[in-house]
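Peer 1: What follows is a predicted protein model with its sequence.
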Amino acid sequence: MVNSSHVKNLVKILIGAAWLDGKIQVEEREYLRKIAEEQGLNDDPEIKPWLYELRVVKPEQCYQWVNEYLGNKPTEEDYQQLIQAISGLIYSDGEVAMEEAKLLTKLQELSHEKESSHSGLNSLLKRIQKLYRRWIEVQN
């Protein structure tokens with residue numbers, strides 16, 4: 001069974017990731033509300049102010065949530081779940097902002113600390129990072 005606070009933290013990270021470029025795009029908003037509803041968090045008192053854009057999430061807050069989500073001993077599954085969730089959000093609006101790509105770079109840096117036990121994940125992160133770099137090059 002998935003820990004409900006773990007799911008809540010993941011939703012908070014997604015909201016924070018959506019704010020990384022300074023505003024939430026329409027597609028991101030729809031995606032976030034769909035995820036929150038699926039997880040039963042759309043009326044959660046902690047999530048609601050961020051979900052309905054009553055409060056802005058600063059990048060530092062997003063990174064803090066990432067660190068809290070991963071904890072002291074993140075597993076490959078933790079990284080993979082986080083990267084997949086963030087990728088879904090990022091691609092929901094058809095654009096990849098530099099700030100969003102930086103978040104994935106930060107995740108890669110965190111994973112390097114565990115490199116010996118996470119070589120498969122590092123490969124996945126590198127593939128995702130290449131994809132983002134290509135997308136950013138196309139946008140410029």
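Peer 2: Nice, I can see it. Numbering: from 1, shown residues only.

Peer 1: Quick check: phi and psi on Leu51?
Peer 2: Per-residue torsions, Leu51: phi -60, psi -40 (degrees, to the nearest 10).

Peer 1: Could you do Ala36 as well?
Peer 2: The phi/psi pair for Ala36 (degrees, to the nearest 10) is phi -60, psi -40.

Peer 1: who's in contact with the spatially closest residue to it that is not a sequence neighbour?
Peer 2: The shortest distance from Ala36 to any non-neighbouring residue, by C-beta to C-beta, 6 or more residues apart in numbering, is to Asn42 (4.3 Å). All C-beta atoms are positioned from the backbone trio N, CA, C, and that covers glycine. Contacts for Asn42 (C-beta atoms under 8 Å, 6 or more residues apart in numbering) come out as 33, 36, 48, 51.

Peer 1: which SS state does Asn42 fall under?
Peer 2: coil (DSSP: H, G, I helix; E, B strand; the rest coil).
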